[in-house]
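Colleague: any chance you could fold what I've pasted below:
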Amino acid sequence: MALWQVIAWPLAAVGVATLAFGAMLAQPVKAPPPLESIHSGAMAIPHDGEPELSRFQARDGTWLAYRLYAAVDGGRDHLAIVYHGSSASSDAMNAVARALAQAGFVAVAVDARGHGASGSRGDIGYIGQLEDDLADLVTRLRADYATARLTLVGHSAGGGFVLRAAAAPVGASFDRFVLLAPYLGYRAPTNRPSEGKGLWAAPDIPRIIAMTILERLGIDWPQSLPVIAFANRPEAAMATTSRYSFRLLANYGPPPDWKGALQAAADKIELIAGLDDELMDAPAYQSVVAPLGVRVTLLPGVNHMGVVHQPAALAANVAAAQ
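Modeller: Model (predicted):
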């Protein structure tokens, strides 16, 4: 074989791979049609008594937003940090936070970085930054509530993130974890088929595959590109985060070994979901999660958004946070 052939074949292979990755990365992210049940559920969440945003400075210097709800009885010995679902922000958890405050908790509803008033909408700096942000928030709150017991609450993707936090070093700071209709990963049997009335998110699979391969090769520069779009109404654009970058999608959700994370912290975790959930297969929580040692509560007449505002759900949320 001639020298030029020895050189040409590897170069050709690199060229083909480059073109293939380029084509995969160039695939556009397309939003699914608006999902009315999520929109109407979000609109049903009351906003009376919602505090103004407060801010704390994370380790990278970014100011991140949260809402502080003082306990109505003046209590300071139990604090609950509350995370919203995908695309949302702290105001989506107003009813949950208020119910906790009325039960004697100091409640802190967070705008997770990449959402609401925290950081760049739809993106974060690196995978793992959200756990760092939570650790920084705990440090900030400990300055005012040094001995308070800590509970971490999350809804949907935020519930998946709470499970991720439980499995991370920051999880040692918390006494209780409450997962509200949690998203446990795209392969989890607790998901309903993503179609029809349950189509909430449309992932860009070619882009995700390309970035996953590149990440394994130590290449992370494309991870700021959007890889998933949510079924929000166009008029909700100012209030929601309708697209996630690869690194935000990878971080705001469950750990890869969600079963192991549930088992490891089972005695501290309670899961609550509605039997009418259109995104999650609620009975599957009972059949898949409960055997891992986690207490599961399923509520009749409650759907995916109802679990964060309907009276029966709020009562269950407060009881689980104790």
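Colleague: residue contacts, residue 169?
Modeller: Contacts for residue 169 (Cβ atoms under 8 Å, 6 or more residues apart in numbering) come out as 131, 135. Backbone N, C-alpha and C define where each C-beta goes, glycine included.
Colleague: and for the one 5 residues further on?
Modeller: Counting by Cβ under 8 Å, 6+ apart, residue 174 makes contact with 150, 151, 152, 165, 166, 268.
Colleague: run a quick neighbour tally on the first one.
Modeller: Which is residue 150. 18 (other Cβ atoms under 10 Å).
Colleague: cool, and the last one?
Modeller: One way to gauge burial is a neighbour count; for residue 268, by other Cβ under 10 Å, it gives 16.
Colleague: for it, give me its contacts.
Modeller: By Cβ under 8 Å, 6+ apart, residue 268 lies in contact with 166, 174, 175, 176, 177.
Colleague: any quick PyMOL command for the buried ones out of those residues?
Modeller: Per 16 or more other Cβ atoms under 10 Å, the buried members of the contacts of residue 268 correspond to this PyMOL selection:
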select buried, resi 166+174+176+177
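Colleague: return the member of the contacts of residue 268 nearest to residue 72.
Modeller: Nearest to residue 72 among the contacts of residue 268, counting by Cβ to Cβ, is residue 176 at 20.0 Å.
Colleague: which is the succeeding secondary structure element to the helix or strand bottoming out on mean pLDDT in the chain?
Modeller: Using mean pLDDT, DSSP states H and E, helix 3-25 stands out as the lowest-scoring helix or strand of the chain, at a mean of 45. Helices and strands here follow DSSP states H and E; after helix 3-25, the next one along the chain is helix 36-43.
Colleague: alpha carbons of that next one, as PDB, please.
Modeller: Provided in PDB are the C-alpha atoms of helix 36-43 (Å, rounded to 0.1, in the frame of the first residue of the first chain):
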ATOM      1  CA  GLU A  36     -53.500  21.700  27.500                       C
ATOM      2  CA  SER A  37     -53.600  19.600  30.700                       C
ATOM      3  CA  ILE A  38     -50.300  21.000  31.800                       C
ATOM      4  CA  HIS A  39     -51.200  24.600  30.800                       C
ATOM      5  CA  SER A  40     -54.600  24.500  32.600                       C
ATOM      6  CA  GLY A  41     -53.000  22.800  35.600                       C
ATOM      7  CA  ALA A  42     -50.400  25.500  35.900                       C
ATOM      8  CA  MET A  43     -53.100  28.200  35.500                       C
END
